[in-house]
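>>> The sequence isn't on hand, but the structure is:
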């Protein structure tokens, strides 16, 4: 039996709108992944600590606050510090198209914008994380 992909879904910062994160977390879980939802108002430090403790393959961030550049870069820097860059980072939310290449350069594997379907997200995780982590969905 192949182990499921372990995914931490997180809501960093002060944004209190988590419906989308919960919908994505449930879709990922329903697709056979193991999902840990951290809840609201998490710091990048808390998210990285959770991902390491849970032996996560993936971190998915939902950012609607406009602080995506700061939050993603901080999270990736913390993963670097903890020698945990094997954890794939993806995200979604209200993120301007112009910022997506900058986030990708910083190490974010994929950014989903409003209108992305849960089917797209689940398929991307299955196709990209299985290859990156050695774990098969």
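Received the coordinates, thanks. Bear in mind that the values here come from a model prediction, so they are computed numbers and not experimental data.

>>> make it CA atoms for all contacts and neighbour counts henceforth
OK.

>>> In the chain, where is pLDDT below threshold?
Segments of the chain classed as low confidence (criterion: pLDDT under 70) are 1, 130-137.

>>> Centroid-nearest residue for this protein?
For the chain, residue 60 is the residue whose C-alpha lies nearest the centre (CA atoms, centre = their mean; 1.1 Å).

>>> List of residues touching the one helix or strand that residue maps to?
For residue 60, the element it lies in under DSSP states H and E is strand 58-63. Residues from elsewhere that reach strand 58-63 (CA atoms under 8 Å, 6 or more residues apart in numbering): 5-12, 15, 18, 20-21, 51, 87-95, 129.

>>> make it 6 Å
Here strand 58-63 makes contact (CA atoms under 6 Å, 6 or more residues apart in numbering) with 7-11, 21, 87-93.

>>> Over to stretch 102-121?
Stretch 102-121 has contacts (CA under 6 Å, 6+ apart) with 89-93.

>>> circling back: parallel or antiparallel, which strands does the strand holding residue 60 pair with?
strand 6-10 (parallel), strand 88-93 (parallel) (DSSP bridges).

>>> Which positions within it qualify as buried?
Going by neighbour count (16 or more other CA atoms under 10 Å), the buried part of strand 58-63 is 58-63.

>>> helices and strands around the helix or strand following that strand, which ones?
Remark: after strand 58-63, the chain's next helix or strand is helix 68-81, criterion DSSP H and E. For helix 68-81, there is no helix or strand it packs on, judged by 3 or more CA pairs under 6 Å, 6 or more residues apart in numbering; DSSP states H and E.

>>> what angle sits between helix 68-81 and strand 58-63?
For helix 68-81 against strand 58-63, the angle by axes from the mean of the first three to the mean of the last three CA atoms, to 10 degrees is 160 degrees.

>>> Report the buried residues of helix 68-81.
In terms of neighbour count (16+ other CA under 10 Å), helix 68-81 has its buried residues at 68, 71-79.

>>> thinking again about what came up before, deepest in the core, which of the strands paired with strand 58-63 is it.
Among these, strand 6-10 has the highest mean neighbour count (mean count of other CA atoms under 10 Å), at a mean of 26.
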